[in-house]
Structure formats: C-alpha cells, structure tokens
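Participant: Have a look; sequence and predicted model below, questions after that.
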Amino acid sequence: MKNVRSVRGMNDILPQETPLWQYLEWQVAAVVSSYGYQEIRLPLVEFTDLFHRGIGEVTDIVEKEMYTFPDRNDESLTLRPEGTAGCVRSVCQHNLAASTTKLWYAGPMFRYERPQKGRQRQFHQIGVESFGVASPDMDAELVCMSARLWESLGLTDQVHLQLNSIGDSGSRQRYREALVAYLNDYVDELDEDSQRRLQTNPMRILDSKNQQTQALLDGAPDLRDYLDPESEAHFSRLQEFLTAAGIAFTVNTRLVRGLDYYNRTVFEWVTDALGAQGTICAGGRYDGLVEQLGGKPVPAAGFAMGMERLVLMLQGLGKVSENPAADIYFVAAGADAEVAALRLAESLRTADSKYHIHCNSGGGSFKSQLKKADRSGARLAVILGDNEVEQNTVGLKQMRSAAGDGQQEVISQQALASRIDELLREH
RNA sequence: GUGGCCGUAGCUCACCAGGUAGAGCACCGGAUUGUGACUCCGGAGGUAGCGGGUUCAAGACCCGUCGGCCACCCCA
C-alpha cells in the first residue's frame, strides 16, 4: 500500500464518480445517434508515424507530449494522444468513406503534460468525425449537435462558441508571411515563446495569453482579409446556418488550433468555469487529412470533447452522482439461514433483475447485519434465522417507510417476491 | 519543460520557540437472551510521502526526490 501507486497524471475513476461518467456517456450517445452517427472502437496504440504525418511534426503534441516506445518487434508505437488520426486511419484502411460516413468514439488519450485540474496524462475524449461532405451544412450540423449536447447536459448557459475560418493552405501561407513581416518589426516586444514561434509556427502567436503580445496583435494583419474566396463563402454560409439555428457565436479571428490538419472552419466551446482549462470541446474541418494519410481525397470535419472537464462542470452544477442505492438486503444468521438466503436471493434475481440485492453480509449478529443493511441504503431487509428456516418464512422489514419506520412482517417464502414488488413499486 | 503554494490516521484537519502525534467524521465491537437509524461506552488504525542533512533530539529547520494544487506552456 505504500509503494503501489498509479502513474502520475493517470487517475482512477472511483465508484463514487462512475455514475456521473455513465450519465455523460449516455447523454452523448443519445444525442449523436439522433444525428445518425455510429460508434467506432479504435485501438489505443498506433504506429508512431501515423501521428507524425497526421498531427504535424512541429506541433507540441508530437514534439514533446507523446508516449512513444519500441515494441518487441522494434517498431515504434505510440499511445494515441488524440482520436482523429486513428479514426482517419481506420476509415482509410477499411475504405469506410466510400459514401458519407459519420462516426463517434470515446476513450482514453495520452499526453505527457504537467497535470492540473482538468488536465491529466491519461484523459478521456469523446470524438465525432464526419467524412464525405465538403459543404458548410456539415460544419453546421457538428456545431448544432454539440450545442444540443450542452442543452441536454444543462450546461448551455456556461459555455460559449468561438468560431473562425483559417482558410485553405494558400490563404494561410499568404497570411503567415504578412504576419511575420508585421511582427518582425516588434521582435523585441514579443514574449519569449512568441519569439520562438515566429520561426516555427507564427500563427500560434495569435492565441498567446501574453497581454503585451495581444496588444501588439491589435495592429497586425487580420486573417479574415486573407481568406480565399471559397473559404470566405464557406464561412459566411456556415454563419448563416448557425444564425438560422439560433446558435450564438463569436467570430474570433485569432482562434487557430494546435493541430496542423485543420483547414477552413475551426471552433471551440469555452467556459470560464474551469480556470485555465477553458476549452471543453473543439474541432473543425480537415479536408486534406484523409488523402495525406494515404486515402482517397475525402473532405471531413469533426470535434472532440474533454470528458474530465465536462464531468467537472457537471459536478459544479451540483449534479452529484449518486450510487445506485441497494434495494434489498438479506440478513441471515445461522448456517441453514445463509443457505436459504442465498437460494431466495437467487430466485428474486431470476424473477426480476432490476433490484439491487445484497446477500453477502459476512455473518455477524443480527444487530450488526441490520446495521449494515441500514448503511447500504436498502429499503427492505429480508431477515432469516432458525425460526424462519423451520417455518419457511422470512421477516420482511421496511427500513425506510415514510410513516413509522421499522415495520416488520412475517410472510411465507413463496410470497416474498410479490410482496417485495408491492412494497417497492409504491414509490 | 518553467514558476508559486502544499504533502500528518480511510476522509477533513489540529498540535509543536524542534523533545519520537491528536480531534471530528468513517470503520469495528459492546449497552442481558434474534433486529438498524439517536445516545452512551470501548477498540482498531499513522515508521508524519520518501531519502539525505543540521541537531543531544525533527513531522516540525535545510537539500533532494516523488506526489498534489495553481499559473505559464499546450490542449479536450
């Protein structure tokens, strides 16, 4: 107990918390399937090369956050740091994108980062990916679907949508040059990180949190002025759709994403309820990725949600997860009574499996077993001792009846199932 | 990877000008014969994250390390 411990940043989700996770998963599955999305289950491990080609060589994820190791065959493998690359790989491998394909998945992702609240090394995402539709109605569908999710989770008034278009590669190229040209005059005023990015990935300077840098950017060229006409039309059409759907958004021309595969639409759902980890959901269009990974050219778009962050928000709502309380607790004293209890509990489960039945009290006096029954939260205690066994009866005690707690009756063992139904269905 | 704060029983925390640890909750048992919740009594549980240093003596001071939180970075 001293020296066994989980790996840093890789946390247990304890029984107390799992109901909330299940609730979240259930809501998401219901919403996305109402849009016709189908679940796909993907490996946690992929060839390292997939992420280098998919996410981009100069991204932070690939440069310093991946769990990469050689397997026994000396091939380099990596624990997936995100879901899109693997999903696209699967789509290519099985030729799934012959027609429009809409997929979703959920599961753990791995990134070697410094843990904080809302950020772990093993964390969980739900991802949604759509293949085969290039027009902006698909972008709109994805945003609508995510908005509907917040609605179903009760989070709508805590989240806000930020939207941008980063155009095609040509417009980004032209904009990058203009931005670098502008910023080169102010190199000394930039923060250290931004100075470095000026060489490696200038557009990432746009979402710097440094205030002085942001002030400098006020005079910088605007990405919007550099969009190619098609991207511009795509973007304005998307905004039309969203307005029609009644979804509020802010166009943030400094919103760029850290993964190289995006083009045109990018969006983020943000909240201020989570401190520095404000993004709960993010995504966009990635029309070039399928081809880049060796498939036929297929347009695509998608987004991913951080489950830990959503769970934190749900907890913040006061949505405390409740463990399913016990319904029936068997109290059995004596060797014969234990046998009878086991037999009766099994027959109850056969008759109706929806009750939570506990029948392994571990012995002890009636008193201590009743105490355990009480703490289990069970509404009914079935009591068996030598007398009951002899007479084929049970004591049935109501632990939580509204009026006059502790009512107890003696009934035949044959009548137990139907009497339990009567008592438990009343509420 | 950088910076700040922190690390005492299962949980929340206390003590201490440095002299080898306590409370509440939880847990277990008991309050006469087969019955829970309230009350009373009792019990178990910590080599004070780990390692080193200073000291006659350290959980308390110093260093390192691991871990947690917060921010940066980055991202979901």
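Facilitator: It's in. Residues are numbered from 1 along each chain as shown, chains lettered A, B, ... in the order given.
Participant: what residues go with each domain of chain A?
Facilitator: A:18-168+A:228-316, A:328-425 (automatic domain parsing).
Participant: In stretch A:237-254, which residues are buried?
Facilitator: Buried residues in stretch A:237-254, counted by 16 or more other CB atoms under 10 Å: A:238, A:239, A:241, A:242, A:247, A:249, A:252, A:253, A:254. In this view, the C-beta of every residue, glycine as well, is placed from N, C-alpha and C.
Participant: out of those residues, who's nearest residue A:346?
Facilitator: Distance to residue A:346 across these (CB to CB) is lowest for residue A:247, with 52.6 Å.
Participant: count of neighbours near residue A:133?
Facilitator: Using other CB atoms under 10 Å, residue A:133 is surrounded by 18 other residues.
Participant: and what of residue A:151?
Facilitator: 12.
Participant: same deal with residue A:398?
Facilitator: 17.
Participant: nearest spatial neighbour of the residue in the stretch 51-200 of chain A that RNA strand B sits nearest to, skipping sequence neighbours?
Facilitator: Of all residues in the stretch 51-200 of chain A, residue A:117 sits closest to RNA strand B, at 2.6 Å by CB to the nearest atom of the strand. Leaving aside its sequence neighbours, residue A:117 sits nearest to residue A:275 (CB to CB, 6 or more residues apart in numbering; 6.4 Å).
Participant: Over to the residue of the stretch 51-200 of chain A closest to RNA strand B: give its phi and psi.
Facilitator: Backbone torsions for residue A:117, taken as degrees, to the nearest 10, come to phi -70, psi 130.
Participant: For residue A:123, see how far away it is.
Facilitator: 12 Å (CB to CB, to the nearest Å).
Participant: Strands of the stretch 301-427 of chain A, start to end?
Facilitator: Secondary structure of the stretch 301-427 of chain A, counting by DSSP state E, counting those that start in this stretch: strands at A:328-332, A:357-358, A:380-384, A:393-398, A:408-412.
Participant: quick revisit: hang on, the residue nearest to residue A:117 is in a helix, isn't it?
Facilitator: No. Counting by DSSP: H, G, I helix; E, B strand; the rest coil, residue A:275 is located in no helix; its state is coil.
Participant: correct me, but it touches residue A:119?
Facilitator: No. Counting by CB atoms under 8 Å, residue A:119 is not a contact partner of residue A:275; they are 10.0 Å apart.
Participant: picking up where we left off before, who's more crowded, residue A:117 and residue A:123?
Facilitator: Between residue A:117 and residue A:123, residue A:123 has the larger neighbour count (other CB under 10 Å), namely 21 against 12.
Participant: Tell me who's in contact with the residue in the stretch 251-400 of chain A that RNA strand B sits nearest to.
Facilitator: As assessed by CB to the nearest atom of the strand, RNA strand B sits closest to residue A:258 within the stretch 251-400 of chain A, at 1.3 Å. Counting by CB atoms under 8 Å, 6 or more residues apart in numbering, residue A:258 touches A:59, A:60, A:61, A:204.
Participant: Please pick the buried ones from these.
Facilitator: Neighbour counting by 16+ other CB under 10 Å classes A:59, A:61, A:204 among those as buried.
Participant: Give me the phi and psi angles of residue A:15.
Facilitator: Backbone torsions for residue A:15, taken as degrees, to the nearest 10, come to phi -50, psi -30.
Participant: same deal with residue A:378?
Facilitator: The phi/psi pair for residue A:378 (degrees, to the nearest 10) reads phi -60, psi 140.
Participant: correct me, but it touches residue A:330?
Facilitator: No. Checked against CB under 8 Å, the pair residue A:378 and residue A:330 is beyond contact range at 9.3 Å.
Participant: Common neighbours of the two, please.
Facilitator: residue A:358.
Participant: quick one on the thing from earlier: just name the most buried of the strands of the stretch 301-427 of chain A.
Facilitator: strand A:328-332 (a mean of 27; mean count of other CB atoms under 10 Å).
Participant: Only C-alpha atoms, please: export that one in PDB.
Facilitator: Provided in PDB are the C-alpha atoms of strand A:328-332 (Å, rounded to 0.1, in the frame of the first residue of the first chain):
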ATOM      1  CA  ILE A 328     -32.900  -5.400  -0.700                       C
ATOM      2  CA  TYR A 329     -30.500  -6.600   2.000                       C
ATOM      3  CA  PHE A 330     -30.500 -10.100   3.300                       C
ATOM      4  CA  VAL A 331     -29.800 -10.700   6.900                       C
ATOM      5  CA  ALA A 332     -29.100 -14.300   7.700                       C
END
